[in-house]
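Asks: show me the folded form of this:
(one chain, ligands or ions: 1)
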Amino acid sequence: MGNALEEHYGYLSDAVRREKFERAVARAVKPGDTVADVGCGFGIFGLMALDAGASHVWGVDRSDAIEIARETMRRNGLAGRFTCLRETSFEAELPEKVDVVICDHVGYFGFDYGIIRLLDDARRRLSALTDRELEVARGVGKGQANAEIAAELYMSIATVKAHVGRALSKIGADNRVQLAILVHDAELG
Ligand SMILES: C[S@@+](CC[C@H](N)C(=O)[O-])C[C@H]1O[C@@H](n2cnc3c(N)ncnc32)[C@H](O)[C@@H]1O
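Replies: Purely as a prediction, here's the structure:
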């Protein structure tokens, strides 16, 4: 536990890092979202997600650090909203697909912990389009502009943009055309 404690204490005490992630998590997580905090360590990003209104967080970490997360959630009465899974993300099975996957494996060089393979696997297996994202993606598939989708679905253009961005990232598409084709193929398949 010694090394894990020291390493994660370092992350926690870096105020600049913490504040930047706090802003990013608040932007990514909407009230009611379910979240996977992949490589959760002490669970700090998951806590930020709960603060942002997440309905449930699954924290996944293969190291001792997750025992601190487990105890933190228990002591703060959050165990019902933050489930700790001590395993690698490649083996973790969640009871449901989540809205958002959050993860920091930037480390010192930008590619620590094999982040690219890890996020690719997590995105494909742990997250899926929500009903709202799917509705927006269908609009994109029909060739509608964000303003048309917004009017049809009674949401703001900013919300449509957020759903499109999330849908693109979840299915690994680079642009709206790819998204449209994928939705079209999936609906026909
Ligand atoms: C850079 S630390 C970040 C911890 C935490 N998110 C934070 O900001 O304090 C990365 C954590 O990811 C865990 N980890 C790395 N690869 C993993 C994997 N494939 N599955 C589960 N945990 C992983 C490590 O054990 C470590 O605790």
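
Asks: neighbours around V160, how many?
Replies: The burial metric for V160, expressed as a neighbour count using other CB atoms under 10 Å, is 25. To be clear about C-beta, it is placed using only N, CA and C from the backbone, and glycine gets the same treatment.

Asks: that should have said M155, apologies.
Replies: By other CB under 10 Å, neighbour count at M155 equals 17.

Asks: in contact with it, which residues?
Replies: Residues counted as contacts of M155 (CB atoms under 8 Å, 6 or more residues apart in numbering) are R132, I149, H163.

Asks: right, and the last one touches E133 too?
Replies: This means H163. Yes - between H163 and E133 a contact is recorded at 4.8 Å, counting by CB atoms under 8 Å.

Asks: neighbour count for the two, which is higher?
Replies: For H163 versus E133, neighbours defined as other CB under 10 Å are more numerous around H163 (25 against 20).

Asks: for the more buried one, which non-adjacent residue is spatially closest?
Replies: With CB to CB, 6 or more residues apart in numbering as the measure, V136 is the residue that lies nearest to H163, at 4.1 Å, once sequence neighbours are left out.

Asks: okay, buried residues for the helix or strand that the one you found is a member of please.
Replies: Secondary-structure assignment from DSSP states H and E places V136 in helix 131-141. For helix 131-141, burial by neighbour count (16 or more other CB atoms under 10 Å) applies to R132, E133, L134, E135, V136, A137, R138, G139, V140, G141.

Asks: what are the buried residues along whichever helix or strand comes after it?
Replies: Using DSSP H and E, the next helix or strand after helix 131-141 towards the C-terminus is helix 146-153. Neighbour counts using 16+ other CB under 10 Å place N146, I149, A150, L153 of helix 146-153 among the buried residues.

Asks: likewise for stretch 90-104?
Replies: Buried residues in stretch 90-104, defined by neighbour count with 16+ other CB under 10 Å: A92, L94, V98, D99, V100, V101, I102, C103, D104.

Asks: can you check stretch 10-29 too?
Replies: Quick answer for stretch 10-29 (16+ other CB under 10 Å): Y11, F21, E22, V25, A28, V29.

Asks: want to try TSV for these, with distance to the ligand and pLDDT as columns?
Replies: Converted to TSV, the buried residues of stretch 10-29 look like this (distance: CB to the nearest ligand atom, whole Å; pLDDT from 0 to 100):
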residue	distance to the ligand	pLDDT
Y11	4	85
F21	7	93
E22	11	94
V25	10	95
A28	14	88
V29	14	91
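
Asks: nice, that's everything, thank you.
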